[in-house]
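# could you look at this predicted model? Sequence included:
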Amino acid sequence: QVQLVESGGGLVQAGGSLTVSCAASGGTIRTYPMAWFRQAPGKEREFVAGISWTGGRIFYADSVKGRFTISRDNDNNTLYLKMNNLKPEDTSVYYCARRAQYMGAVARSTDEYDYWGQGTQVTVSS
């Protein structure tokens, strides 16, 4: 049973930067696509960024393209999301997720992911 634990969230001013991490235990992320999602109060959970199991293919939501960078360290079973030029509308709980399909492609739907972390709050003040 894979456990995913996010960390690194917090309060930051608009224009600032933050890096959130996702550490996996009890199983590997090495051969699975991984993604970050976020959910603001009263809104649906949305795709932020995804990375293939090799790290060779990366996808971003249009709203974060050019500001966020997803990366992975398979040797340390860890996923990262570096967030630059943060905006108040980036305020959300950020979740990491492991896709159910072994060596599959990155997917943007929450239905395609079977393991989720508990989330880390990111708050951007204006």
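Looks like it arrived, so ask away.
# and Tyr94, that one's in a helix?
No. Tyr94 is assigned strand when assessed by DSSP: H, G, I helix; E, B strand; the rest coil, not a helix.
# quick check: closest non-adjacent residue to it.
Computed as CB to CB, 6 or more residues apart in numbering, the closest residue to Tyr94 that is not its neighbour in sequence is Arg38, at 4.9 Å. Backbone N, C-alpha and C define where each C-beta goes, glycine included.
# enumerate the positions of the host helix or strand of the one you found that are buried.
Element membership for Arg38 (DSSP states H and E) is strand 34-39. Neighbour counts over strand 34-39 (16 or more other CB atoms under 10 Å) mark Met34, Ala35, Trp36, Phe37, Arg38 as buried.
# and the gap between Val20 and Tyr95?
In this structure, Val20 lies at 10 Å from Tyr95, with CB to CB, to the nearest Å as the measure.
# mind listing the shared neighbours of those two?
Common contact partners of Val20 and Tyr95 (CB atoms under 8 Å, 6 or more residues apart in numbering): Glu6, Trp36.
# my read: Ser126 touches Asp90, true?
No. The pair formed by Ser126 and Asp90 falls short of the contact definition of CB atoms under 8 Å, at 11.3 Å.
# more crowded one of those two?
Ranked by neighbour count (other CB atoms under 10 Å), Ser126 and Asp90 place Asp90 first, with 22 against 9.
# can you pull the contacts of that one?
Contacts of Asp90 were listed using CB under 8 Å, 6+ apart, and they are Arg38, Val64, Met83, Val122, Val124.
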